[in-house]
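> sequence and predicted structure are below.
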Amino acid sequence: MQKLSPVPYGSLIFAPMEGITDEAFRKTILKLYPEWDYLATDFLRVPSAGKYPLKHLVTHFGKELSDVGWVKDKTMFQILTSHRSFTVEMVKDVAQLGYPWMDINLGCPSNTVTKNGGGSSLLLDLNTLRSLIKNIRENFPGRLTAKIRTGFHDTSGFKDSIRLLNDEGIEMITVHGRTRDMMYKVPAEWNYIEEAVKISQVPIVGNGDIWCSADVDRMLKETGCHAVMVARGALKFPWMAQTYKRGFREETSHERLQKIKEFFQEYRTQLESESISLRGLLKQSKSVSRYMLDGVENGEAIRRKLLLSQTPPDFFDILKSL
Ligand SMILES: Cc1cc2nc3c(=O)[nH]c(=O)nc-3n(C[C@H](O)[C@H](O)[C@H](O)COP(=O)(O)O)c2cc1C
């Protein structure tokens, strides 16, 4: 596998989001907003016994996108695992399929995941984490990165976890500036991102509470991080990377509504090209619309109508009428 060149300074990464960043969504972003430098799959959980057929991994990344070399190069394939899982088997399969970038999820806060020793709970036991990362590193020749929170209950192990990831050959670390116990309740603590920058030998990606393109610059300047990852803010403004790269002017409500319509027109086309069920089409469209109307004039009322719609035509007719 050819090694990818390093991620350039100031890159913008569209974050992994479970239930959102599937193939149809990423195809929409790639087509409408190619200004995002990198994208991510949502996490694929390593099975606790046996292994997935290869085609399951391909479907997770996206059947069509798996055939496009430059897309593979700009997309992190994220896995979620624990010491009980059959990690090495899956890591070898990801490598064999030629995905050049794997990201390890060390931040997922959900109870189902953490009670099985996965996601952010790995930050509680650094010995286990070390052997897990070692195993993955030995079996994955491509770019290997990790995404962490600042700790589980508290941040006492934060510096050690950064050092550990450095020692074991992780090539870039995304820091979401919250502990697992904080969930999303408090503002992200960017000072931990700054701390990671000071002690890490490998690039740090800042993540947490980037809500507009001006925040991207603020994150780069205040923390000294190498690149920025955006999740919920990128659902609110899927075109944020475009706004950032073209200058900071934020749009009027009218302009935003036009962009929202444009987004959903393309997203619908992509979902329909996958022969998704009508129920699935409606469900996905509702999930993706969750943050997009924040701050738009009458946004709350529009969102309510969208969420109450019973069929895809209802949903898309409401958008058309705006
Ligand atoms: C709906 C949703 C799904 C998420 N799924 C994932 C995931 O699959 N993998 C992951 O590493 N983080 C996941 N996250 C966390 C985000 O990638 C990000 O770290 C977090 O939301 C903080 O960034 P933000 O303030 O820009 O939203 C998810 C977040 C949201 C809101």
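Noted; the coordinates are in hand.

> from now on I want contacts and neighbour counts done on CA atoms only, so please keep to that.
Fine.

> can you give me the buried ones in the helix or strand where Leu282 lies?
Assessed by DSSP states H and E, Leu282 sits inside helix 278-288. For helix 278-288, burial by neighbour count (16 or more other C-alpha atoms under 10 Å) applies to Leu281, Leu282, Gln284, Ser285, Lys286, Val288.

> strands of this structure, start to end?
11-14, 39-40, 44-45, 75-80, 101-106, 143-151, 172-179, 204-207, 227-230 (DSSP state E).

> out of the ones you listed, nearest to the ligand?
Of all those, strand 227-230 sits nearest to the ligand, with 4.1 Å by C-alpha to the nearest ligand atom.

> any chance you could list what contacts that closest one?
Applying C-alpha atoms under 8 Å, 6 or more residues apart in numbering, the external contacts of strand 227-230 come out as 8-15, 174, 203-210, 216, 219-220.

> the helix holding Leu282 - what's its average pLDDT?
Averaging pLDDT along helix 278-288 gives 96.

> let the chain start at 17 from now.
All set: I'll call the first residue 17, so the last point we hit is now helix 294-304.

> with adjacent residues omitted, what lies nearest to Leu20?
Excluding its sequence neighbours, the residue lying closest to Leu20 (C-alpha to C-alpha, 6 or more residues apart in numbering) is Arg159, at 6.6 Å.

> the one you found is in contact with Val23, isn't it?
No - using C-alpha atoms under 8 Å, Arg159 makes no contact with Val23, being 10.2 Å away.

> please say which of those two ends up with more neighbours.
Arg159 (23 against 16; other C-alpha atoms under 10 Å).

> quick one: pLDDT of that one?
Arg159 is given a pLDDT of 98.

> state the pLDDT value of Gln18.
For Gln18, the predicted pLDDT is 78.

> tally of neighbours for it?
9.

> look up how far Met188 lies from it.
18 Å (C-alpha to C-alpha, to the nearest Å).

> and if you look at Met308?
Counting by C-alpha to C-alpha - Met308 and Met188 are separated by 30 Å.

> what about these two, which has more around it?
Met188 (24 against 20).

> from what I see, the more buried one and Ile164 are in contact.
No - using C-alpha under 8 Å, Met188 makes no contact with Ile164, being 11.0 Å away.
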